[in-house]
Each structure stands twice: as structure tokens, then as C-alpha cells.
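Engineer: this is a predicted model, with the sequence first.
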Amino acid sequence: MIEQWSQDLRMAWRAVRRAPAFALVATLTLAVGIYGTTAMFAIVQGVLLQPLPVRDQDQVIVAWRGSPGAPATRWPFHADDLRRLSGSTRVLDTVAGVGYQSPARVVAIEEGVAGYLRLAPVTGGFFDVLGIGPVLGRAFTPSDDVAGAAPVALVAYGLWQRRYGGSPAVIGRRLIINEQRFTIVGVMPADVDYPRGVEAWVPVTPFAASIANPTFRDAVATELLMVARMRPGFTTDHAAAELRAIAQSLDTTAAAGNPQGLVPVVQSYEDAVVGDVRRALLILAAAVALLLLVACANAANLLLMRGEQRRPEVALRAALGASRARLVRQLGAESLLLASGAGAIALLVTIAV
């Protein structure tokens, strides 16, 4: 059997070489479909299928307050609400906060050069709730988020690579934000992207203290989205039910100007990070899968057209004693060579891109 397949492959190679134009068109047609599908699957796998860099990500939630008639409208929690909820509920184990309008585009000056930075103020226990450690330096601690604490900052991995070339010397460098020096103390892992698009994180209290406008300063210090870790055994539904049960008591400390009767809205951390990208990616993946089917159909049509041209050749082989199975195996070997060539081209292009 091995010897027969070896003969079939040699004959298939000779047949392909006799029709170089057909072989090139068929191979490139399949290669386009395979490359598109491979690239799309890599994106879907990286965004939707690969676990996020969070310890027990199913236990982490993001919450805000919404109007009963329009839950998509987001209102923040008050900082006092988060302090009251931390460790005092049946479902939530630890609670942290992230700036309501994060990430915000701010001006940061480094060594006399000004540039824009997408910044997110977070509470001191933010990364403890997520269960994420830095790749370099240290993360925030609760002592970094108190009045009088030395202003510190963490930078995202992408910013570290772009601006600092991945140098360990980034630790200790200073960014001037709102005329206040923030010392870089750590670099977070490459796939940490919450809030989406963030380039650096700072503790809420020191950052708010650096803002001159009192109204804006109070808003930054008190208006936060909740990021919490649930106790084992509880789900997002449990957290939502408990927060709804205590929502009325939270109105007493709601931020000034917030309407009363807001309803807590709870979302899993995965949904908060992926967001509306999920639907778009799935639609795009379906479109790319359709592209692969179209490529296969076109390649099949090319093979049928070539088969019509080779009818005399096939009839001659059958007359010389080739069985139907042997003829099918011969044609299959040619298809295998074309598909292998297309796969190799798609792989090389994927690696190069």
C-alpha cells in the first residue's frame, strides 16, 4: 500500500508539473482561503478563547448603576459605596474601583517632552482584586491610595515596549501629570487591557489631589466603576441580586447630581474586556469561513474543468487495467499535493505577517 501511494504521489507530481498554470491558480486560490481562515482564527482565539490574565476570571465582575428605564446608561458608584461594600456582603469578597471616565487622555511630560497618555485612576486594591502581578517592578498597594502617599504609576506593556524599548530602567522614571511627578514603579503584563486602551494606571487619591479644578477633582475621587471579586461558589447573578437588594441604601451616599433609584448593573469581567467586539468578531469569523468555502468551490471547479480535459488519459489508464479505486486514489493524490502547497504558502504568509 505504501509503495502504491508513493507511485501515486510521483505520478501526481508529474501531472501537476505538466499543467503549471492550473496548479498555480488552484494553489493560490486555496492559499487565500486558508490564510484568511488561519488569521481570523488566531484573532478569535486570542480575544475570545484564550483565558484573560486574571486569577479565576469567572469570579471577577464589573458593576455600575443604571436607570431602571435605560440600564445601558452608566452612572458611577460613589467611593464611599465601594468602601462600605468591601468585605461586608455575602457575595463580594474584595472590592476595588476604576475611574468612571477611564481611560482619559491626559498630557504627560517626561524629561521635558510632552505627550498624550491614556490614563486610568484605580483604587489601591485594583490589581489585587484582578489577581494580576507585574512583569517588572511592583503593583499598587492600598497604602499608595491614601492622602499624602507618594504619587506612583504603572505602565502598560505596550507603552513600555514603544516608549522605553522594554528597558528595565523604566522603573524609577517620572511622569509629570497635572504638575505632579508620578514615579513609575511597575509594568503590567502584555494582555492586561482594562479599561480598554489604557496605557498607564495611577492611584485615585494622589491623582485626584493633583487636579486643580475642585469639581473635577471631587468627581475623579468619588465617581468609580466597581471591580469586585466574588467569594467561591457565587455567580454574576448572585452578585446582581445582592446589589439590587441593597441599592436603596446606596442612594444615601450617591454622588451629587446622580438620580435616585438607580439599579446596579453587573457584568462579568470577560464581557467588560471583550465588550461589543465579540459579536463583530464572530460575524467576521463566519464571513471568513464563507471565504474558505468559496475558495474550495473555485478550486473544485478548476479540478472539474481539468478533469474534463483529462478524460482521454483516464480512459487510457482504465483500458490498461487501472481499477476505479486506483484512479480515484491518483486524483486524490493530486488534490493532496495542491492542498499541501496551498497550506505551505498560507503558513509562510501568516508567519511573515
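Structural biologist: Structure's in. What do you need?
Engineer: ranges for the helices of this protein?
Structural biologist: Ranges of helices within the chain are 2-18, 20-44, 79-85, 126-130, 157-164, 204-209, 214-222, 236-245, 247-250, 269-274, 277-309, 311-319, 324-352, based on DSSP state H.
Engineer: kindly format the C-alpha coordinates of stretch 183-195 as PDB.
Structural biologist: Extracted in PDB, the C-alpha atoms of stretch 183-195 (Å, rounded to 0.1, in the frame of the first residue of the first chain):
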ATOM      1  CA  THR A 183       7.200  57.700  39.700                       C
ATOM      2  CA  ILE A 184       6.800  54.500  37.500                       C
ATOM      3  CA  VAL A 185       7.000  51.500  39.900                       C
ATOM      4  CA  GLY A 186       5.900  48.600  37.600                       C
ATOM      5  CA  VAL A 187       5.000  47.300  34.200                       C
ATOM      6  CA  MET A 188       1.900  45.200  33.800                       C
ATOM      7  CA  PRO A 189       1.600  42.100  31.500                       C
ATOM      8  CA  ALA A 190       1.000  42.400  27.800                       C
ATOM      9  CA  ASP A 191      -2.600  41.200  27.700                       C
ATOM     10  CA  VAL A 192      -3.800  43.500  30.500                       C
ATOM     11  CA  ASP A 193      -6.200  45.900  28.800                       C
ATOM     12  CA  TYR A 194      -8.700  47.200  31.300                       C
ATOM     13  CA  PRO A 195     -10.100  49.800  30.900                       C
END
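Engineer: which parts of it are buried?
Structural biologist: I184, V185, G186, V187, M188, V192, D193, Y194, P195 (16 or more other CB atoms under 10 Å). C-betas here are computed from N, CA, C, even on glycine.
Engineer: so what's the residue nearest to T350 when sequence neighbours are not counted up against?
Structural biologist: Nearest residue to T350, sequence neighbours excluded (CB to CB, 6 or more residues apart in numbering): T38, at 5.4 Å. Counting by CB atoms under 8 Å, 6 or more residues apart in numbering, T38 makes contact with A346, L347, T350.
Engineer: what pLDDT does the second one get?
Structural biologist: Listed pLDDT for L347 reads 78.
Engineer: so what's it closest to, chain neighbours aside?
Structural biologist: In space, L347 is closest to T38, 7.7 Å off (CB to CB, 6+ apart).
Engineer: if we can go back for a sec, export the helices of the chain as a markdown table, with columns for distance to V106.
Structural biologist: As requested, those are exported to a markdown table (distance: least, CB to CB, whole Å):
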| stretch | distance to V106 |
| --- | --- |
| helix 2-18 | 61 |
| helix 20-44 | 30 |
| helix 79-85 | 20 |
| helix 126-130 | 18 |
| helix 157-164 | 13 |
| helix 204-209 | 9 |
| helix 214-222 | 11 |
| helix 236-245 | 31 |
| helix 247-250 | 29 |
| helix 269-274 | 22 |
| helix 277-309 | 25 |
| helix 311-319 | 72 |
| helix 324-352 | 38 |
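Engineer: end-to-end on stretch 142-151?
Structural biologist: Across stretch 142-151, the terminal residues are separated by 13 Å (CA to CA, to the nearest Å).
Engineer: buried set for that stretch?
Structural biologist: D144, D145, A149, P151.
Engineer: swap in stretch 288-304?
Structural biologist: For stretch 288-304, by 16+ other CB under 10 Å, it's V288, L291, L292, A295, N298, A299, L302, L303.
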